[in-house]
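> Got a sequence here, can you model it:
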Amino acid sequence: NNDSLVLHLRSHSGEKPYQCNQCDKAFSCKSNLIKHKRTHTGEKPYQCRQCDMAFSQNSILVRHHITHTGEKPYHCTQCDKAFSMKCRLVLHLRTHTGVE
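Residues are numbered from 1 along each chain as shown. Next comes the predicted model:
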């Protein structure tokens with residue numbers, strides 16, 4: 001659609017028309033400005049239903065839910081270990097490659 005095209009073109013032009021009125025950051029997408037403003041306000045509208053933690057972004061809440069389920073969706077292809085977060089798998093993979 002047209003909105004997607006506009007965002008794509010901004011990725012090439014570097015245009016960032018959405019300016020934060022609290023600091024000098026600017027964004028190409030209005031939704032990113034809205035998320036950013038929460039760093040200034042401290043707003044955390046995404047509440048975990050299983051504990052009293054709250055988050056500024058839904059994606060962080062989704063990642064948090066894994067702490068309650070014990071799910072470990074990131075599996076090492078070199079051994080039988082699994083991890084709840086991709087970044088932990090990436091760190092673990094270094095034990096197989098010797099990269100520090």
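> Strands of the chain, start to end?
For the chain, the strands defined by DSSP state E cover 18-19, 26-27, 46-47, 54-55, 74-75, 82-83.
> Any buried residues in stretch 14-31, and which?
18, 27, 28, 29 (16 or more other CB atoms under 10 Å). For glycine as for every other residue, the C-beta is placed from the backbone atoms N, C-alpha and C.
> can you put the strands of the chain in CSV and add mean pLDDT?
Listed next are the strands of the chain as CSV, based on pLDDT from 0 to 100:
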stretch, mean pLDDT
strand 18-19, 96
strand 26-27, 96
strand 46-47, 97
strand 54-55, 98
strand 74-75, 96
strand 82-83, 96
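> Now distance to residue 94 too, for these, in CSV please.
Shown next, in CSV, are the strands of the chain (distance: least, CB to CB, whole Å):
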stretch, distance to residue 94
strand 18-19, 38
strand 26-27, 34
strand 46-47, 32
strand 54-55, 29
strand 74-75, 14
strand 82-83, 13
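> And those: which comes nearest residue 35?
With CB to CB as the criterion, residue 35 lies closest to strand 26-27 of these, at 8.8 Å.
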